[in-house]
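1. Here is my input; please provide its structure:
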Amino acid sequence: MDKSIYSAEYQRLCALLRELRREAGLTQVQVAERLDEPQSFVSKYEAGERRLDLIELHQVATALGTTVVAIVQRLWPEG
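-> I've put the predicted structure just below:
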C-alpha cells in the first residue's frame, strides 16, 4: 500500500479540496481563517506537500461547508 503524499489517490484528494474551496467561493486565506491556521497550511495541503489526518480533513470539510462523507463520495463515486 502506497502511503506517499505523492500517490495518485492523494493527489486526487488535494485537487478535490482545491475544487471544493473554489466551488464555495473561498480563498485560501478565508479557509485558513476559518481553520485558525496560516494561509500556508491550506496551500501546503492543496499542493500535496502536507498530509491531512482524519481530524484535520473533518475540520477542512467543515470550513468548506461540506462533510468528510461527501468528500469520500466524490473521490470514489462507485462506492
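
2. Any chance you could list what contacts stretch 50-57?
-> Residues from elsewhere that reach stretch 50-57 (Cβ atoms under 8 Å, 6 or more residues apart in numbering): 5, 10, 41, 44-45, 60, 68, 71. Bear in mind the C-beta positions are built from the backbone N, C-alpha and C, glycine included.

3. Just the buried residues from those residues, in PyMOL please.
-> Burial among the contacts of stretch 50-57 is assessed by 16 or more other Cβ atoms under 10 Å; the matching PyMOL selection reads:
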select buried, resi 5+10+41+44+45+60+71
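
4. And the furthest pair within the contacts of stretch 50-57?
-> Spanning the widest gap among the contacts of stretch 50-57 are Lys44 and Val68, at 19.4 Å by Cβ to Cβ.

5. Skip the chain neighbours and tell me the closest residue to the residue nearest the centre of the chain.
-> The centroid of the chain falls nearest to Leu17 when counting by Cα atoms, centre = their mean (3.6 Å). Leaving aside its sequence neighbours, Leu17 sits nearest to Glu46 (Cβ to Cβ, 6 or more residues apart in numbering; 5.9 Å).
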